[in-house]
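**Student:** I need the structure of the sequence given here:
(chains A, B and C)
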Amino acid sequence: MGENGIQKWVFYIPVIFFVLFFAAPIVLTIVFSFFERTQFWMEPGFTLFAYENFFTSARAENYVFSMLHSAAAVVVSFIIGFPIAVFVRRRVAKAAQHRVILLFILPFMISELVRVFAMRPVLGRNGVVNNFLIDIGIINEPITVILFSPLGVVIGDVMSFLPFMIFAGFLAMEAVQNYVFEVCDDLGAGPVSLFGDIIVPLAAPGIFAGSVFIFVNSMGVALVPTLLGGPGAVNAGLIANQAIVALDFPLAMAISTIMILTLVLLLYIGHRLFDLTKVLEPIS
Amino acid sequence: MSNRSDIAVEVVDLGKKYGAVNALNAVSFSIESGQYYALLGPSGGGKTTLLRLIGGFIQPTAGQVFLHGQDVSHLPPNKRPTSMVFQSYALFPHMNVARNVAYGLKLRKVPRNEINDKVDWMLSMVGLEGYNARMPHELSGGQQQRVQLARSLVLDADILLLDEPLAALDAKLRKDMCLELKRIQEKVGITFIHVTHNQEEALTVADRIAIIADGDLIEQGSARDIYETPQKRFTAEFIGDNNLVDGIVAGASGERVTVDLDYAKVEVAAPGATAAAGDAVSFSVRSELLRVIDPAQADNGAWQAVPATYLETIYLGLTTSHLMRLPDGREIVARVMSDEPADTSLEAGQPVTVGWQTDRARLHVS
Amino acid sequence: MYDNFANPWTIRLKWAYLLTVVLALLSPVMYTVYISFNEHGFGARIYDFTFDWYRIVLGDKLLVASLEWTLYLAVTAVAITIPMALLSAKFYKRSRRKVAFVALMLSPLFVPADIMGSSLLVFFKNLAGAFTWLGETLGVGWFEGWFDLGFLTAMIGQIIYTHPYAFIVILITMSRYRGQQTEAARACGATAWQAFWQVEFPQIRVGVLSSCAFVTILSFNEAVRTGLLKGGFDTFSNVLVAQMLNIGMSGESYAMAGIMSIVSVVVIGSILVITLLRSEHLSRKARAMAEPMMSS
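**Tutor:** Sure thing, here's the model as predicted:
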């Protein structure tokens, strides 16, 4: 194209911006995690003190625990959400598919803060769920395990991030050609074979992308354990947040580093297994 | 309705509507076991709908489908003795060749070693021995269609449905695959129903051809009959390179009718056709049977002749076409082998006489 | 429609399930809004409808000021993010290293709010320190206050957060645009800019409009990154977080949550309705044109 230098460089603005204000801060996070802590700030140096602090305290245990409840949120989201993606792809008229998927944009676009908080009057001791169950006589005492508890955190994560499993799952299902289903009908594949042999392998990149999104956000969004977890409920995001509040910046950076490395490791494994670039096929 | 055992497919008043649109009107026909049957017609004419109704991928809105005498109209695809080869390269992209072919057997819980034997045998049948471990994206279009064929044949279905199986291949490959399909069909001996819009493809593979257009079965017959003696005007227009001429029946005598073209009267053979004086009819003559002739040649009754104006010569390699215009403005083509000695004196605008042997024209009353 | 032998009742059941999930995702918020109109707040056995809580919120000067900050941020975020997302999508189309580029542009989706916020916070504090040091070393006052926490740093945090969403929406819209049209326009003598503005942009306008709405709402709702990076001012959602954590929920907080939900639903809902009506219109047109040659 006949463009002069300036026109050409305009297109590099986003790249430059993201290198400066996204990639650089992420890389420097790792560097800062080795800095020496001072009373209100930090100074250049090389120490593993922050990591020692992390691994020898309850934080490491909490980190692993938050990985577990995040994994639970992923599994629940998959079970609830992925069949919806499959259903829309297979049984809804082609022209209407996107519109049905768009239904899930609406809850996703309401403030996460409000959505997470809104679970309190629903799940609480005298919340909607308990009142309803008591009114129809299924229980006599309010169920307390669904709020201010690990279960409450998982429920909150699922309510917050479920739509992403549906979006990513649908995007992956969209790349599966119609003939695949017809061949399976012809060969006589039942629902179980169809799901296990065909749908899951073909949609794997999308399922994985959705799962990673839900996993890291469940680990990293402090709001959910803060508002819905019981006393002492934390996840990686909240540990980092608490470190910032305590002005222990190297510790916050160390936790962020561990979180980022967890993410990179997951993405690397996923890429080796499923070739995540396939997720991009519909838009290239 | 007796002895249905040798009838593989029987379709009775089969119809399909999409909303207010008729994709297929009440169509009836039957196919003998072991035949290679082609459904030929323009795209959008309903032939794929018909095939999918036979395969059970869509449900009919009217009529019935019998396979080997059994009413399967409302059975799903896997409950029918049919198997389908799809137009696109419909392989499972995440499975290698052997697993693609084996998948249907695996679903039927066939023992592992038996599956392997059958897969190997079927791959050699379609000319792909040793390709077991290849992935679909590593194969050419023709090879992918062979794998599809193997995947269907390995299930021992006795009716194979092929939905434009060669449409995505280039012309040369398509020709080779046609012969290959024919060879395989003869070897396995089961019924093939092949949908195509390509007449050359249909003529190459099929024992019998049905012409499908506008949701109707126009006519059916052996490949030779369809090409040489089409009954319907539509068939004559669609197949081969036919010249169609319209006129009014002036009189009938025995096996011949006289057609008045306004500018000439010609005799057309009409075996069994019911055309009475005054009927609007048409007749067709294949372009390779038309000749520029000496007017005197028509006098003995073996040839029919009409006046025309010469337009131009078009060289097409193997053949050469002579383009002419009839007095009513219709253009007609006479095609000769290019290496035949030709009259090079023809010039644009020159009046000529065009003729054909009387028994080579076919009368169409509809 | 995929016409086959599936039982219509199974399909109806699956539809019911789908709608139940949508409803389940929305109902807690709807309940919160419902409470916000109760004079007696949450937990009361009686329900008296009132706008009082909203009146209190909108009468509170501090809250109105925070709404103004929220608005400034949202407008600036749209003004910067959307052109940048357009540039990114164009860059993607012509880029030969698509995977690396997309990985960079979409990664922020996978970095959770608190982690991204902390990283940027420490980054900006160091950057500000570095500039102060640079100014002192050179003996000039220019660099004083660069990247001190404030509107600019909060803004950068929001761009990093909202850009991936805008980028995806615009990219999906653009993927339906055929590049030959630009080439045809260039062949007719248009400049690159004219070809974009007169030929391509009208065809991707819906995508650009919806991404504007998304960025507005994402920015409006954002609390964590802004909270860490904002320095001296408070946005509406920052105030709400502070209330939830420190005071607990009052009737006022319910009204604030109500305001945030209603704004989101109105903006996103109207964009959805517009998109749906438009695509309905387009598909009806396409169907009408296809009718005569349907089937096969």
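**Student:** report the separation between the residue in the stretch 101-250 of chain C that chain A sits nearest to and B:Val259.
**Tutor:** When scored by CB to the nearest CB, the stretch 101-250 of chain C has C:Pro112 as its residue closest to chain A, at 2.2 Å. All C-beta spots, glycine's among them, are computed from the backbone N, C-alpha and C. Shown here: C:Pro112 relative to B:Val259, a distance of 85 Å by CB to CB, to the nearest Å.
**Student:** before we move on, back to that, from A:Met67, how far off is the residue of the stretch 101-250 of chain C closest to chain A?
**Tutor:** C:Pro112 sits at a distance of 13 Å from A:Met67 (criterion: CB to CB).
**Student:** kindly report the same for A:Asp186.
**Tutor:** Separation of A:Asp186 from A:Met67 (CB to CB): 43 Å.
**Student:** now A:Val128
**Tutor:** Counting by CB to CB, the separation of A:Val128 from A:Met67 is 31 Å.
**Student:** contacts for the top helix by length along chain B?
**Tutor:** Secondary structure of chain B per DSSP state H: the longest helix is helix B:171-188. Contacts with helix B:171-188, where a contact means CB atoms under 8 Å, 6 or more residues apart in numbering or on different chains, come from B:36, B:125-127, B:140-142, B:145-146, B:149, B:153, B:160, B:162, B:165-166, B:169, B:192, B:194, B:198, B:201, B:204-205.
**Student:** which strands and helices lie in contact with the helix or strand following it?
**Tutor:** Later in the chain than helix B:171-188, the nearest helix or strand by DSSP states H and E is strand B:191-196. Using 3 or more CB pairs under 8 Å, 6 or more residues apart in numbering or on different chains; DSSP states H and E as the contact test, the elements touching strand B:191-196 are strand B:7-18, strand B:21-32, strand B:36-40, helix B:47-55, strand B:159-163, helix B:171-188, helix B:199-205.
**Student:** try 7 Å
**Tutor:** Helices and strands touching strand B:191-196, by 3 or more CB pairs under 7 Å, 6 or more residues apart in numbering or on different chains; DSSP states H and E, are strand B:36-40, helix B:47-55, strand B:159-163.
**Student:** for those, give me a markdown table that also has distance to A:Val100.
**Tutor:** Listed next are the helices and strands packed on strand B:191-196 as a markdown table, based on distance: least, CB to CB, whole Å:
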| stretch | distance to A:Val100 |
| --- | --- |
| strand B:36-40 | 36 |
| helix B:47-55 | 25 |
| strand B:159-163 | 29 |
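**Student:** just to revisit the earlier point, give me the phi and psi for the residue of the stretch 101-250 of chain C closest to chain A.
**Tutor:** phi -60, psi 160 (degrees, to the nearest 10).
**Student:** not counting its neighbours along the chain, what's nearest it?
**Tutor:** Distances taken as CB to CB, 6 or more residues apart in numbering or on different chains put A:Gly220 closest to C:Pro112, at 2.2 Å, once the chain neighbours are dropped.
**Student:** do B:Ile239 as well
**Tutor:** B:Gln199 (5.3 Å).
**Student:** still on that earlier bit, number of residues surrounding the residue of the stretch 101-250 of chain C closest to chain A?
**Tutor:** Residues lying near C:Pro112 (other CB atoms under 10 Å in any protein chain shown) number 24.
**Student:** kindly report the same for A:Phe249.
**Tutor:** Based on other CB under 10 Å, the number of other residues close to A:Phe249 is 24.
**Student:** thought it was touching C:Phe123?
**Tutor:** No - between A:Phe249 and C:Phe123 there is no contact under CB atoms under 7 Å: 10.9 Å.
**Student:** surely C:Leu18 and A:Pro83 touch.
**Tutor:** No - if you go by CB under 7 Å, C:Leu18 and A:Pro83 don't touch, sitting 9.0 Å apart.
**Student:** secondary structure element for A:Ser211?
**Tutor:** Per DSSP H and E: helix A:200-220 holds A:Ser211.
**Student:** quick one: average confidence on that helix?
**Tutor:** Average pLDDT, helix A:200-220: 92.
**Student:** who does the following helix or strand past it touch, helix- and strand-wise?
**Tutor:** Of the helices and strands lying after helix A:200-220 in sequence (DSSP H and E), the nearest is helix A:223-228. Helices and strands touching helix A:223-228, as assessed by 3+ CB pairs under 7 Å, 6+ apart, comprise helix A:112-123, helix A:150-174.
**Student:** dump those to TSV, plus distance to B:Val336.
**Tutor:** Formatted as TSV, the helices and strands packed on helix A:223-228 follow (distance: least, CB to CB, whole Å):
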stretch	distance to B:Val336
helix A:112-123	80
helix A:150-174	55
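**Student:** what about A:Asp275, distance to C:Val266?
**Tutor:** 41 Å.
**Student:** return the nearest residue of the stretch 101-250 of chain C with respect to chain B.
**Tutor:** C:Ser175 (20.5 Å).
**Student:** okay, residue 144: pLDDT?
**Tutor:** By default, I'm working from chain A. 87.
**Student:** think we crossed wires, I meant chain C
**Tutor:** The score at C:Glu144 is 79. That number is its pLDDT.
**Student:** phi first, then psi, for it.
**Tutor:** phi -60, psi 120.
**Student:** tally of neighbours for the residue lying closest to it once chain neighbours are set aside?
**Tutor:** Closest residue to C:Glu144 in three dimensions, ignoring its sequence neighbours and counting by CB to CB, 6+ apart: C:Gly135, at 5.8 Å. Other residues lying near C:Gly135 total 16 when counted by other CB under 10 Å.
**Student:** how about B:Glu180?
**Tutor:** As a burial measure, B:Glu180 scores 19 neighbours (other CB under 10 Å).
**Student:** give me the distance between it and B:Val126.
**Tutor:** B:Glu180 sits 8 Å away from B:Val126, going by CB to CB.
**Student:** can the strand or helix carrying A:Ile258 be said to contact chain B?
**Tutor:** Assigned by DSSP H and E, A:Ile258 falls within helix A:249-274. No - Helix A:249-274 lies out of reach of chain B by CB under 7 Å from any CB of the partner chain, never closer than 9.9 Å.
**Student:** what's the average pLDDT for that helix?
**Tutor:** Summarised as a single mean, pLDDT over helix A:249-274 is 92.
**Student:** now stretch B:188-203
**Tutor:** The average pLDDT for stretch B:188-203 rounds to 93.
**Student:** buried sites along that stretch?
**Tutor:** Buried residues in stretch B:188-203, counted by 16 or more other CB atoms under 10 Å in any protein chain shown: B:188, B:190-199, B:201-203.
**Student:** who's in contact with the closest residue to chain C within chain A?
**Tutor:** Using CB to the nearest CB, the single residue of chain A nearest to chain C is A:Gly220, 2.2 Å away. For A:Gly220, the contact set (CB atoms under 7 Å, 6 or more residues apart in numbering or on different chains) comprises A:Asn235, A:Ala236, A:Gly237, A:Met259, C:Pro112, C:Ala113, C:Asp114, C:Ile115.
**Student:** could you do C:Lys90 as well?
**Tutor:** Contacts of C:Lys90 (CB under 7 Å, 6+ apart): A:Phe11.
**Student:** so which helix or strand takes in it?
**Tutor:** Judged by DSSP H and E, C:Lys90 forms part of helix C:61-94.
**Student:** residues making contact with the helix or strand just after that helix?
**Tutor:** Where DSSP H and E defines the elements, the next helix or strand beyond helix C:61-94 is helix C:98-106. Helix C:98-106 has contacts (CB under 7 Å, 6+ apart) with A:Phe18, A:Ala23, A:Thr277, A:Leu280, A:Ser284, C:Ser88, C:Phe91, C:Tyr92, C:Ser95, C:Pro164, C:Phe167.
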